[in-house]
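Novice: Just to be clear, the model below is a prediction. Sequence and coordinates:
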Amino acid sequence: MSTNIQKLEVLHLQEKSRLEIQIEGQIAELDYHLRDNVMSFTHTGVPRALEGRGIGSLIVRTGLDYAREQGYKDIK
């Protein structure tokens, strides 16, 4: 199945330190940890049924963009 990733909404759940995409009843996620102005990505998961569509890349790019916008001095 083809997915237009430009139309996917990445939700930022700051209270959970997580970005996620909900698609086809499943969730792709990027968990992170903030400490001392450093954002570390701790887990990225894309359900097997959604693999190969660029969803993981989109969620990581969104996380990196957010970190840069916030001025974090280091991104791991």
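Specialist: Everything's here; your move.
Novice: what residues does the one helix or strand residue 65 maps to touch?
Specialist: Per DSSP states H and E: residue 65 is located in helix 55-70. Identification of contacts with helix 55-70 by CB atoms under 8 Å, 6 or more residues apart in numbering yields 3, 5, 8, 10, 12, 19-21, 23, 28-30, 32, 39, 41, 44, 46, 75. The way it works is simple: take the backbone N, C-alpha and C, and place the C-beta from them, glycine included.
Novice: Show the residue spans covered by the strands in this structure.
Specialist: Under the criterion DSSP state E, the chain contains strands at 11-13, 18-23, 26-35, 38-45, 74-75.
Novice: Put the alpha carbons of the second one into CSV.
Specialist: The C-alpha trace of strand 18-23 is given here as CSV (Å, rounded to 0.1, in the frame of the first residue of the first chain):
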residue,chain,number,x,y,z
ARG,A,18,7.2,11.1,22.3
LEU,A,19,6.4,11.9,18.7
GLU,A,20,4.0,9.6,16.9
ILE,A,21,2.2,9.0,13.7
GLN,A,22,-1.2,7.1,13.9
ILE,A,23,-1.9,5.4,10.6
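Novice: Next one: the residue nearest to residue 20 when sequence neighbours are not counted from residue 47, what distance?
Specialist: Excluding the flanking residues, the one nearest residue 20 by CB to CB, 6 or more residues apart in numbering is residue 29, at 4.5 Å. Residue 29 sits 10 Å away from residue 47, going by CB to CB, to the nearest Å.
Novice: Check what pLDDT the residue minimising distance to the centre of the chain gets.
Specialist: When the chain is reduced to its mean C-alpha position, the nearest residue by CA atoms, centre = their mean turns out to be residue 59, at 3.2 Å. Residue 59 is assigned a pLDDT of 96 by the prediction.
Novice: ok, now residue 14?
Specialist: Looking at residue 14, the pLDDT reads 95.
Novice: Count the neighbours of it for me.
Specialist: Other residues near residue 14 number 10, with proximity taken as other CB atoms under 10 Å.
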